[in-house]
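J.: Just the structure for this:
(one chain, ligands or ions: 1)
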Amino acid sequence: MYSKSKIKSLVSASPILKDIMDAKPVSWLNPELNSVAHTGFSITLEDMKAAERLWNRFAPFFEKGFPETKATNGILESPLREIAAMQSLLNETDESIKGRLLLKCDNELPVSGSIKARGGFFEIMKYAEQLAMDAGLLDKEDDYSFLTSGEFNKFFGNYKIGVGSTGNLGLSIGIISAALGFQVTVYVSSDAKKWKKDLLRDKGVTVIEFDGDFSKAITAGREKTKADPQAYFVDDEDSRNLFLGYTVGALRIARQIEEQNIKVDASHPLFVYSPCGVGGSPGGTAFGLKQIYGDHVHCFYIEPTHCPAVLTGLVTGEMSDISVQDIGLDNKTEADGLAVGRPSHFATKISKQLVSGIFTVEDKRLFKLLAQLKDTENIFLEPSATAGFIGPPLMQKTEYAKKHKLPLHNATHIVWATGGLLVPEEQRQHYYKKGCEQLSTAP
Ligand SMILES: *Cc1c(COP(=O)(O)O)cnc(C)c1O
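T.: Residues are numbered from 1 along each chain as shown. From the prediction side, this is the model:
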């Protein structure tokens, strides 16, 4: 627990913590940003490539089990799009963005409709493959489409999977685990969106709802799952495999960047802006991009003002020991994917050296951006997924580019859109309307 005097000494060591505690939007540059050459981590570029090979082995499984992935031969990927109309609109309303603006459209990722597919699917595939190989039922050279068969469903049916999640992670883990035949339980808070709970139950997932403090719910789910030797718990707060799954996104986007003839080097800096919850998805993609582009890529995270979990951990140096509740914040946001009080233990150690900075954003901005993107590009994102858009102008207002001598007129800015596909039409309308109201009332 953090006493009042402890918090007071943390504030005097890092005055920005006062604004964070008051839920004010802040811009923070990471004083411990390290050159990639000087970092040493427990995962490597080789691990990323091995992770991609696992994804490729499962492609025939997806192709057979999920017809929507036929067109891409079972590869789950999303486009990287230029969004010139949105850029013009943003330029009119805020500081002009120097360089080009692109959108990484993980809102279109097939099957689970969010970036969680990258980490969550990977973790389950890895577990399933290991189980089947240990039982002598599967070899890496096999055609994995037969994992859709009744025989395999029956085999995986002997095992249980548990996950605690307020939203997209639960959706991802639930969808893939159920498709493979696992007995899967998703622990959610009772205020999780009804459509998500319905969708999961429809697929045969057991959904257990908890009132009140969600972290207690996760703890209960974790203990219950871990007590069972036939069960596996996906732990968002500390998972190497989730992280590895996200790094594959970096290998893939690097190919898209090359295909689009976008230069990334000392005179062509690349900026990537990612919405951040526990820090696994932004950390995994940042780690991967750093392995590929070294110090020519600059990664920024964006968190809601009411749940700046990673920022609080890094600013105080307390890492995943501290939660936003410890500094008096309520951890309430309508950006469900980002409603996280405590950062990932695994990912935060890596972000400490690789993240260039973190910005916080108020919910109302997210809704405005949602409506603006719909109006200009006809692209729908869920509220969390729009957070990256606040990044480019805020970065330009800091001394970051000057300090690192970056020629911004040659910059490429990629906003990582992280979810949206599965949001039902009625809910979309509701979000869009909210954004339009914000645009017409706020200055
Ligand atoms: C989970 C999520 C994020 C953040 O990912 P973390 O790994 O929790 O940092 C961002 N956007 C959406 C839509 C999400 O569901």
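
J.: chain center to the host helix or strand of residue 130: distance?
T.: For residue 130, the host element (DSSP states H and E) is helix 122-134. Relative to the centre of its chain, helix 122-134 is centred 22 Å away, using Cα atoms, centre = their mean, to the nearest Å.

J.: hmm, that helix in reach of the ligand?
T.: No: using Cβ under 6 Å from any ligand atom, helix 122-134 never reaches the ligand; the gap is at least 12.0 Å. Yep, even glycine has a C-beta here, placed from its N, CA and C like the rest.

J.: Let's verify residue 197: helix, strand, or coil?
T.: Put simply, residue 197 is helix when judged by DSSP: H, G, I helix; E, B strand; the rest coil.

J.: sorry, that was for residue 263
T.: Relying on three-state DSSP, one would call residue 263 coil.

J.: and it, what does it touch?
T.: Counting by Cβ atoms under 8 Å, 6 or more residues apart in numbering, residue 263 makes contact with residue 410.

J.: ok so, going back, right, and the helix or strand after the helix holding residue 130?
T.: Per DSSP H and E, the first helix or strand lying C-terminal to helix 122-134 is helix 150-156.

J.: How about residues contacting that following helix?
T.: Outside helix 150-156, the residues within contact range by Cβ under 8 Å, 6+ apart are 128, 131-132, 135, 137, 146, 180-182.

J.: Now do the buried residues in the helix holding residue 130.
T.: For helix 122-134, burial by neighbour count (16 or more other Cβ atoms under 10 Å) applies to 122-129, 131-132.

J.: one step back: which two from the contacts of helix 150-156 end up farthest apart in space?
T.: The span of the contacts of helix 150-156, defined through Cβ to Cβ, is set by 146 and 182 at 16.6 Å.

J.: Which one of the two is surrounded by more residues?
T.: Neighbours around residue 146 and residue 182, counted as other Cβ atoms under 10 Å, are more numerous at residue 182. The numbers are 27 against 14.

J.: so what's the more buried one up against?
T.: Residues counted as contacts of residue 182 (Cβ under 8 Å, 6+ apart) are 124, 128, 156-157, 159-161.

J.: Confirm for me that residue 427 is in contact with residue 194.
T.: No: using Cβ atoms under 8 Å, residue 427 makes no contact with residue 194, being 9.6 Å away.

J.: where's the residue nearest the centre of the chain, which helix or strand?
T.: What sits nearest the mean C-alpha location of the chain, by Cα atoms, centre = their mean, is residue 281, with 3.5 Å. Using DSSP H and E, residue 281 sits in helix 280-293.

J.: now that helix: mean pLDDT?
T.: The average pLDDT for helix 280-293 rounds to 97.

J.: Show me how far the helix or strand just after that helix is from its chain's centre.
T.: With elements assigned by DSSP H and E, the helix or strand that comes after helix 280-293 is strand 297-304. Distance of strand 297-304 from the chain centroid (Cα atoms, centre = their mean) equals 11 Å.
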